[in-house]
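Enquirer: Predicted model and sequence follow; I will ask about them next.
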Amino acid sequence: MKKEKFKAAFFMLQPLTQGGGAEKYFVDLARNFSEKGCSADIVTMDEKFFRKFARLLHIFARCNFFGEIDTAGRESKEEVLRQLEKARWLRVNFSGLRKILGSYDVIYAKNELVDLFLLKMIGYKKLPPIIVGVHTPIFFPEAKSFIARLHNFLYSGFVYRRLLRGVKCVHVSNGFAKKKIYERFGIKSRLIHYPFSVEKVRRTAEKNRSGIYFDAKKTNIVFTGRLSEQKGFQTLVDLIKRISREKNLENRVKLNIFGSSGLGEDAKIEDMSRKFDFLNYFGHIENKFIPDILSRQDFAIVPSKWETFPYSVLEAQAMGVPVVSFDISGPNDIIRSGETGFLAKDKRDFFEKVKYLSEEKNIFDGEIIKENIKNRFDPDKIHGELMKMFQENLRSS
């Protein structure tokens, strides 16, 4: 008989202060499991290990051998610990990783190549059963850069196949990932969406006011996220140029951008914000202020090229804000096109949808948008499904 209570380790390489979607998910899940009486800890590599890893990434991706790199992350350690509540965050070096992870009944690991490689180096048979959560897409549908093409090669070949061999379960959050996992590796995965609380997001908005002024006489459009190829940085740049060429549109809108990359993309958007009055660039802002910011926007844009299950869409929709995105996995699991936002088929269609919403900004009912999220991603129901998945994959007594 399976144990009702258990000890779960949520493992990822990078510190929780990085503040991405996977980090939010791990914090939410660990907190919920601990509330249900289970021992739930998030285990990451320590700052020393992460700095070395970040340096290797910069050398490989940017040929940055000696230049300064920022590993501080987007969130404060204090804020992360506050969100965890009863759950713990443990930071370890590689020599201590086996001992720490070996004390749990089950491990939930992020599906990054390096994360799984670290566990493979220890040996899956020496560790508790491993559930792999697919939070990084294993396939980028539009891969123009060398890094994106290399990602597709590594995540579809024999290396990744060997890394998945021996894991107990693969958890996916969208139908496209489920299909690809089976096509490429012959593995049946478990499809469970992210749990998401509309009420919690709304309470966060009420409690954490950003203090940022937005011109209510304009149509406010918001982008929140990393300034990167994955998040559609070039589409964002092209949209800015497109708006600047249409004076009626330029005079009607305010495009509010929140996000950073730590690289040249920041400087490019900052330069454009000085050139165009309709563009406001705020850089990075803590996650706790995002719901308040979203609540005062007319609509959000998510020009990502690929996603798993984007919080940028979930958070906007939870605040009753329509979203314009491409018709890709992740966004199309959340948005009901024509009812809660628009799914564009290509870049031209994306621009036209943005232009249309800037003129007809009140065509969507905010309450319908919120109810769609509330009903489909009910946290009590989905947390129950996730708890069951863990209980079915515990270490034998």
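Expert: In hand now; what should we look at?

Enquirer: Nearest residue to residue 98 in space, please, no chain neighbours.
Expert: In this structure, residue 98 finds its nearest non-sequential neighbour in residue 122, 4.7 Å apart by CB to CB, 6 or more residues apart in numbering. (Glycine included, C-beta is placed from N, CA and C.)

Enquirer: Same check on residue 125?
Expert: What sits nearest to residue 125 in space, not counting adjacent residues and going by CB to CB, 6+ apart, is residue 166, at 7.3 Å.

Enquirer: Which of the three states applies to that neighbour?
Expert: coil (DSSP: H, G, I helix; E, B strand; the rest coil).

Enquirer: picking that back up, just give me the neighbour total for the residue nearest to residue 98.
Expert: Each residue near residue 122 was counted by other CB atoms under 10 Å, and the total is 15.

Enquirer: which residues in the stretch 251-397 of the chain form strands?
Expert: Counting by DSSP state E, counting those that start in this stretch, the stretch 251-397 of the chain has strands at residues 253-258, 279-283, 299-302, 323-326, 341-344.

Enquirer: so where is this protein shaky, pLDDT-wise?
Expert: Residues of the chain meeting the criterion pLDDT under 70: 1-4, 58-66, 68-72, 262, 397.

Enquirer: let's go with 80 and repeat that
Expert: The chain contains residues with pLDDT under 80 at 1-4, 54-74, 143, 262-263, 396-397.

Enquirer: Would you convert the strands of the stretch 251-397 of the chain into CSV that also reports distance to residue 9?
Expert: Shown next, in CSV, are the strands of the stretch 251-397 of the chain (distance: least, CB to CB, whole Å):
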stretch, distance to residue 9
strand 253-258, 32
strand 279-283, 34
strand 299-302, 32
strand 323-326, 34
strand 341-344, 37
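
Enquirer: can you put the ones you listed in CSV and add mean neighbour count?
Expert: Formatted as CSV, the strands of the stretch 251-397 of the chain follow (neighbours: other CB atoms under 10 Å):
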stretch, mean neighbour count
strand 253-258, 22
strand 279-283, 17
strand 299-302, 26
strand 323-326, 26
strand 341-344, 24
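
Enquirer: got a list of what the residue nearest to residue 125 touches?
Expert: 124, 125, 130 (CB atoms under 8 Å, 6 or more residues apart in numbering).

Enquirer: what bridges to the last one?
Expert: Listed beta-bridge partners, residue 130: residue 107 (assigned using DSSP bridges).

Enquirer: count of residues packed around it?
Expert: 23.

Enquirer: Then residue 244?
Expert: 16.

Enquirer: All further residue positions should be reported with the first residue as 27.
Expert: Renumbered: residue one is now 27, and that last one reads residue 270.

Enquirer: tell me the helices in the stretch 177-326 of the chain, going along the chain?
Expert: Using DSSP state H, counting those that start in this stretch, the helices of the stretch 177-326 of the chain run over 184-190, 201-211, 224-233, 259-271, 273-276, 290-301, 316-321.

Enquirer: Does anything pack onto the fourth one? Which helices or strands?
Expert: Contact partners of helix 259-271 among helices and strands, from 3 or more CB pairs under 8 Å, 6 or more residues apart in numbering; DSSP states H and E: helix 273-276, strand 279-284, helix 290-301, helix 373-385.

Enquirer: Columns distance to residue 419 on top of the contacts of residue 192, output as a markdown table?
Expert: Formatted as a markdown table, those follow (distance: CB to CB, whole Å):
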| residue | distance to residue 419 |
| --- | --- |
| 150 | 13 |
| 151 | 15 |
| 156 | 9 |
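
Enquirer: Can I get the helices of the stretch 177-326 of the chain in JSON lines including distance to residue 72?
Expert: JSON lines is the format used below for the helices of the stretch 177-326 of the chain (distance: least, CB to CB, whole Å):
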{"stretch": "helix 184-190", "distance to residue 72": "23"}
{"stretch": "helix 201-211", "distance to residue 72": "30"}
{"stretch": "helix 224-233", "distance to residue 72": "29"}
{"stretch": "helix 259-271", "distance to residue 72": "31"}
{"stretch": "helix 273-276", "distance to residue 72": "48"}
{"stretch": "helix 290-301", "distance to residue 72": "27"}
{"stretch": "helix 316-321", "distance to residue 72": "28"}
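
Enquirer: Please identify the most buried of these.
Expert: helix 316-321 (a mean of 22; mean count of other CB atoms under 10 Å).

Enquirer: what's that one packed up against?
Expert: helix 224-233, strand 245-250, strand 279-284, helix 337-344.

Enquirer: So which of the ones you listed is nearest residue 350?
Expert: Taking CB to CB as the criterion, strand 245-250 is the member of those that comes nearest to residue 350, at 8.6 Å.

Enquirer: Show me what the closest one is in contact with.
Expert: Here strand 245-250 makes contact (CB under 8 Å, 6+ apart) with 240, 262, 278-285, 316, 319-320, 322-329, 338, 341-342, 347, 380, 383-384, 387.

Enquirer: what lines up beside it in the sheet?
Expert: strand 279-284 (parallel), strand 325-328 (parallel).

Enquirer: could you dump it to CSV, C-alpha only?
Expert: Extracted in CSV, the C-alpha atoms of strand 245-250 (Å, rounded to 0.1, in the frame of the first residue of the first chain):
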residue,chain,number,x,y,z
THR,A,245,-4.8,52.0,-24.9
ASN,A,246,-2.2,50.3,-22.6
ILE,A,247,-0.5,47.2,-24.0
VAL,A,248,1.8,45.2,-21.8
PHE,A,249,4.7,42.7,-22.3
THR,A,250,6.1,40.9,-19.3
